[in-house]
Each structure stands twice: as C-alpha cells, then as structure tokens.
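Participant: Take a look and give me a structure for this.
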Amino acid sequence: MPSELPRNWAVALFNSFDPIDIFGPIDPLFYLSFSRQLNLALVSDTLDPVWVRTASEALNKMNSTFQVSVNPTHTYNKPPKDIDVLLVPGGPGSRLGNVTTTIDFVRKVYPNLKYLITTCTGAGIAARAGVLDGKRATTNKAAWNTITPMGPNVKWTSPARWVVDGNIWTSSGIASGLDLIFAFIEAVYGEKLSHDIQGITEHQRTTDPCDDPFAGWYHVPASGHCNMS
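Facilitator: Numbers count the residues shown, from 1 in each chain. Below is the predicted model:
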C-alpha cells in the first residue's frame, strides 16, 4: 500500500458521457470517504451543466427526453491545484462528440498524477492524449474496433476485464469499472476497506481481471495479458 494515500480525485467530464462510468466508481469512493479523507472535483470545459444524452440527434429516433445533467466544479482552464487520481469515463460522447479539450487536459495533467483510471471507452481519450503509448490497456469490447485504432502504439489487451500497467488502470465495459474500483481500493487503501464497502454496496465482485466473457461475445481476438503488474 502506498505510504501517501491519494486524497484528491477528479473526473473529466464531457457531454454524452456514460453515467455508470462515473457514478459506479464514485459510489464506493463515497463510502471510502467516511474513513479516509477524500476530495472530489468535476472538471469540464465550462461550469455549465454537462449532459447525459444522445451524442447525436440522429440517434434519438424515438424523440426521447431521457436525460440528466451534472454540474462541474472546475474547468479545464482552471482545474484543482492538486489532482492525485483522474477518472476518465467513456460513453457516446467519447467517440462521437468533440472531446479535444478533454484529451488536451488528460495530456497536460497526467505527468503529475499518482494514478489515471479510465472506464469503458474513456481509454480512447487517454490513447489520443498519448499517455497509453507503450502500455497495456483495455476498453469496451463492443467498441473495440472503434477505440483501438485511436492508440496504435498502445498494447491493447484482450480478454481483460481491467488492466493495470504502472499507475494507469483501464477497465473494459461499463460495469467493469466497479470491479476495477474495488480492486483499486484494495490495492491502494487496504483489503479490509474494500471488503467492508463491498458489503455496504452489496456488490458481488469479479476479482479476476482476466474474467472477460465479452471478448468472446464480440469476437475480439486474444492479445497481451491482463494480469495486474
């Protein structure tokens, strides 16, 4: 366990992010904050609400208004002073939206982070920022053929529910971010805390990072090895 535990967490926000990519990991961290001092910043282009909605009106064939928004606390131009852990979500906006400023932000802050975590197609943002070059990483298998070309120098790994390479943790599909965060809490903050929070949330973890049935589901060929480094 690291001697200096990370306290300052930040999330990189953009329109049409996937809510579980963020709120899945944040929920166990919320309970962790009862026993470890944690701070959370939500960072985006502006302080305007960031929306969970279709990335393109052309996709909204049913004219649905099933939407929700969150309010950033900081902007990319004026981020928190110290970020220990940055969480980068995926979602339709990571592929179909304009996330240039998010990519630039990840590239800028990564050298000073203790950890970078991506969920789902958030790996594509990190890949385009260049911070995954030469490292093992994974992403959503349903979007594998779209995301992996974004990082031609990344050691894309399949099958893998999540992958750890140095201080970078990447998870596969949306729900796998929950298993990643429990593994992260266990590795960084301690096994007992991870176990206790698992009980509070009643989440039955997948503890094997290589347990990935969706690689076969989407016919993603095997490449690399998923074991934690």
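Participant: Could you use CA atoms for every contact and neighbour count after this?
Facilitator: Fine.
Participant: Could you report the neighbour count for W144?
Facilitator: Counted by other C-alpha atoms under 10 Å, the residues lying close to W144 total 21.
Participant: shift numbering so it begins at 127
Facilitator: Got it, first residue is 127 now, which makes that one W270.
Participant: does it belong to a helix or a strand, and which?
Facilitator: W270 belongs to helix 270-273 when assigned by DSSP states H and E.
Participant: Buried residues, that helix. List them.
Facilitator: Neighbour counts over helix 270-273 (16 or more other C-alpha atoms under 10 Å) mark 270, 273 as buried.
Participant: Each with direction, which strands does whichever helix or strand comes after that helix pair with?
Facilitator: Next in sequence after helix 270-273, counting helices and strands by DSSP H and E, comes strand 281-282. Based on DSSP bridges, the pairing partners of strand 281-282 within the sheet are strand 262-263 (parallel).
Participant: what about the partner strand, distance to the chain center?
Facilitator: The chain centroid and the centroid of strand 262-263 are separated by 13 Å under C-alpha atoms, centre = their mean, to the nearest Å.
Participant: Please name the residues that touch L131.
Facilitator: Residues near L131 by C-alpha atoms under 8 Å, 6 or more residues apart in numbering: 314-315.
Participant: how far away is it from R162?
Facilitator: With distances taken as C-alpha to C-alpha, to the nearest Å, L131 is found 9 Å from R162.
Participant: what's the answer for L242, then?
Facilitator: With C-alpha to C-alpha as the criterion, L242 and R162 are 19 Å apart.
Participant: quick one: the helices in the protein?
Facilitator: 145-158, 218-222, 226-235, 248-254, 270-273, 302-314, 317-327, 339-343 (DSSP state H).
Participant: Just name the most buried of those helices.
Facilitator: For those, the largest average neighbour count (mean count of other C-alpha atoms under 10 Å) is found in helix 248-254, namely a mean of 27.
Participant: Packing partners of that one?
Facilitator: Secondary-structure packing of helix 248-254 (3 or more C-alpha pairs under 8 Å, 6 or more residues apart in numbering; DSSP states H and E): strand 211-214, helix 218-222, helix 226-235.
Participant: helices or strands up against the shortest one?
Facilitator: Translated: strand 211-214. Using 3+ C-alpha pairs under 8 Å, 6+ apart: strand 211-214 touches strand 134-138, strand 241-244, helix 248-254.
Participant: Next, format those as JSON lines and append mean pLDDT.
Facilitator: Listed next are the helices and strands packed on strand 211-214 as JSON lines, based on pLDDT from 0 to 100:
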{"stretch": "strand 134-138", "mean pLDDT": "98"}
{"stretch": "strand 241-244", "mean pLDDT": "98"}
{"stretch": "helix 248-254", "mean pLDDT": "98"}
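Participant: Relative to L155, which of those is closest?
Facilitator: strand 134-138 (9.6 Å; C-alpha to C-alpha).
Participant: What score does the residue nearest to T265 when sequence neighbours are not counted have for pLDDT?
Facilitator: Leaving aside its chain neighbours, T265 sits nearest to S298 (4.1 Å; criterion: C-alpha to C-alpha, 6 or more residues apart in numbering). We have a pLDDT of 97 for S298.
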